[in-house]
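Student: This is the structure alone, sequence omitted:
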């Protein structure tokens with residue numbers, strides 16, 4: 001499966017987490033590996049989806065903790081994970097998963113690219 005850059009950032013952040021004091025710093029470092037633009041590096045929606053999963057202890061090798069104040073992007077990530085768990089025999093694109101969550105009226109901003117990349121690479125705890 002092909003992932004957008006934010007999905008790749010999430011994978012890179014998990015792979016390099018041991019080098020950083022927090023998931024936040026691992027994400028920021030991974031972003032610099034994939035994006036030259038400050039705007040792309042500081043995009044909060046995918047980052048907060050990632051940090052929300054970290055916060056709940058749902059990413060392998062990352063301890064549960066207090067990593068984000070975002071409630072909305074965290075909730076999107078958690079709901080997406082729930083759908084993936086219930087339908088683990090199906091393969092979703094980020095847009096299909098967004099639609100499954102009934103969030104079409106909201107603006108999609110790469111939150112689920114993070115969840116999908118981590119899920120299909122077995123970085124999320126079942």
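Tutor: Sure, I can see it. None of these values were measured; they are calculated from a predicted model.

Student: all contacts plus neighbour counts: C-alpha atoms, from now on.
Tutor: OK.

Student: State which helix of the chain is the longest.
Tutor: Longest helix of the chain, by residue count under DSSP state H: helix 72-86.

Student: Any buried residues in it, and which?
Tutor: 73, 74, 76, 77, 78, 79, 80, 81, 83, 84 (16 or more other C-alpha atoms under 10 Å).

Student: do the same with stretch 44-62
Tutor: Buried residues in stretch 44-62, counted by 16+ other C-alpha under 10 Å: 44-59, 62.

Student: what about that stretch, distance to the chain center?
Tutor: 6 Å (C-alpha atoms, centre = their mean, to the nearest Å).

Student: Contacts made by it with the rest, please.
Tutor: The contact list for stretch 44-62 (C-alpha atoms under 8 Å, 6 or more residues apart in numbering) reads 6, 10, 14, 17, 23-24, 27, 63-68, 70, 73-78, 109-115, 123-126.

Student: Then stretch 18-28?
Tutor: Under C-alpha under 8 Å, 6+ apart, the answer for stretch 18-28 is 9-10, 12-14, 16-17, 41-42, 47, 51, 54, 62, 67.

Student: one more time with 7 Å, if that's ok
Tutor: 9, 10, 13, 16, 17, 51 (C-alpha atoms under 7 Å, 6 or more residues apart in numbering).

Student: What is the burial count for the fifth one?
Tutor: Per other C-alpha atoms under 10 Å, the neighbour tally for residue 17 reads 20.

Student: rewinding a little: now the two most distant members of the contacts of stretch 18-28.
Tutor: Between any two of the contacts of stretch 18-28, the greatest separation by C-alpha to C-alpha is 14.7 Å, found for 16 and 51.

Student: Packing partners of whichever strand or helix holds residue 8?
Tutor: For residue 8, the enclosing helix or strand under DSSP states H and E is helix 5-16. For helix 5-16, the packing partners by 3 or more C-alpha pairs under 7 Å, 6 or more residues apart in numbering; DSSP states H and E come out as helix 23-34, helix 111-120.

Student: contacting residues for the spatially most central residue of the chain?
Tutor: Centroid-nearest residue in the chain: residue 114, 3.0 Å away (criterion: C-alpha atoms, centre = their mean). By C-alpha under 7 Å, 6+ apart, the contact list for residue 114 reads 6, 7, 10, 46, 50.
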